[in-house]
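Participant: Provided below are the primary sequence and the corresponding predicted coordinates.
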Amino acid sequence: MKKIIISILLLGLIGGASAYYYAFVYMKNRKFDMVNAEAASVDASVLVKAYQENETSANASYLDKVLLISGTVSATDQTQMGERTLTLSSEDPFSGVMVTLDSAEAASVNVNDQVKVKGFCKGYLSDVVVTNAIIVK
């Protein structure tokens with residue numbers, strides 16, 4: 001009986017250590033290769049309009065996919081965690097594309113610049129949310 005309990009505790013310890021390594025070491029150091037990823041091209045205004053007209057259909061087309069989005073920068077900002085963000089304008093003045101950048105390239109981007117960004121579409125709140133993005137030159 002003691003051997004069974006010790007075996008179960010040992011397996012639990014190994015499983016816990018493996019889960020810790022995967023979650024906090026392996027995944028933190030593993031980066032998606034956004035530069036070489038294939039992306040669907042879309043204009044920021046078209047993307048916002050698609051989400052406003054039919055969110056379910058837009059999710060089927062864009063959600064969790066890599067998109068190459070072109071548009072005009074209407075605002076730049078920084079999150080509380082220090083990540084740089086851009087907002088790409090659309091035809092609707094109350095909605096746009098909120099882009100969180102992976103790199104420090106946002107410092108060279110100004111309001112009213114035309115840019116192309118590549119990143120993961122994460123859905124629609126009041127803006128279309130794009131994460132892990134890079135600026136494509």
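Facilitator: Yep, it's here.

Participant: got the domain ranges for the protein?
Facilitator: Domain segmentation of the chain under automatic domain parsing yields 1-30, 40-136.

Participant: pLDDT below threshold where in this structure?
Facilitator: Flagging of the chain using pLDDT under 70 yields the residue ranges 28-31, 104-107.

Participant: buried residues of the longest strand anywhere in it, list them for me.
Facilitator: As far as residue count goes, and with DSSP state E defining each element, the longest strand of the chain is strand 66-78. Neighbour-count burial for strand 66-78 flags 66-74, 76 (criterion: 16 or more other C-beta atoms under 10 Å). Heads up, the C-betas are built off the backbone N, CA and C, glycines and all.

Participant: now swap in stretch 111-130 and tell me
Facilitator: If you call a residue buried by 16+ other C-beta under 10 Å, then stretch 111-130 has these buried ones: 115, 117-122, 124, 127-130.

Participant: now stretch 33-51
Facilitator: By 16+ other C-beta under 10 Å, the buried positions in stretch 33-51 come out as 34, 39, 42, 44-45, 47-51.

Participant: now intersect those residues with the helices, please.
Facilitator: Within the buried residues of stretch 33-51, residues falling in helices by DSSP state H are 44-45, 47-51.

Participant: for the residue most central in space within the chain, which non-adjacent residue is closest in space?
Facilitator: In the chain, the centroid-proximal residue (C-alpha atoms, centre = their mean) is residue 131; its distance is 1.8 Å. Counting by C-beta to C-beta, 6 or more residues apart in numbering, the nearest residue to residue 131 once its immediate chain neighbours are dropped is residue 100, at 4.8 Å.

Participant: same deal with residue 35?
Facilitator: The spatial neighbour of residue 35 that comes closest, neighbours along the chain excluded (C-beta to C-beta, 6+ apart), is residue 134 at 6.6 Å.
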